[in-house]
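S.K.: test case, fold it:
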Amino acid sequence: MSPQDIVKRMYEQDAFSQWLGIRIVRIDTGNCWLEMTVRPEMCNGFHIAHGGITYSFADSVLAFASNSLGHHAVSIETSISHTKAVYTNDQLTGKSELLKDGRTLAIFQITITNQKEETVALFKGTVLKRELWK
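M.R.: Numbering: from 1, shown residues only. Down below sits the predicted model:
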């Protein structure tokens, strides 16, 4: 199964990524590039996007990138640094970088940028690779 087929299959069953409004830009083996637009209902009382929005967006990038390696993969450790505030109508881009691809574990760095190409969040995730996709 191709990386694109795996991600398409995942996305079709992923109601939360669909609710976020995620758009798939590019999928390659071990790499993922997604986009989304921040909506008013994603913001907190300070009119700043809730930290869970960028976290969830980065987590979707991790999920699609890690599964594109050809194994069912689940995260076992993640962390995020919010580096700049995100607001309604910001256009976010999430790109993955595969740092390590081991036999059972893979480690990714996810960079989230806004429409000005400013980094708004840095996310690191480790996944456990299980059985092959069929």
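
S.K.: now do stretch 47-54: distance to the chain's middle.
M.R.: Averaged C-alpha coordinates place stretch 47-54 at 15 Å from its chain's average position (Cα atoms, centre = their mean, to the nearest Å).

S.K.: and that stretch, what's its mean pLDDT?
M.R.: Across stretch 47-54, pLDDT averages out at 97.

S.K.: mind listing the strands the longest strand along the chain pairs with, and their directions?
M.R.: The longest strand of the chain (DSSP state E) is strand 119-132. Strand 119-132 has the following sheet partners, assigned by DSSP bridges: strand 71-82 (antiparallel), strand 105-113 (antiparallel).

S.K.: distance to E35, mean pLDDT and mean neighbour count added to these, as CSV?
M.R.: The C-beta positions use only the backbone N, C-alpha and C, and glycine is treated the same way. Converted to CSV, those look like this (distance: least, Cβ to Cβ, whole Å; pLDDT from 0 to 100; neighbours: other Cβ atoms under 10 Å):
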stretch, distance to E35, mean pLDDT, mean neighbour count
strand 71-82, 18, 97, 15
strand 105-113, 10, 98, 20
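
S.K.: got the contact list for stretch 111-125?
M.R.: 54-55, 57-59, 61-62, 66, 75, 77-86, 90-95, 97, 107-110 (Cβ atoms under 8 Å, 6 or more residues apart in numbering).
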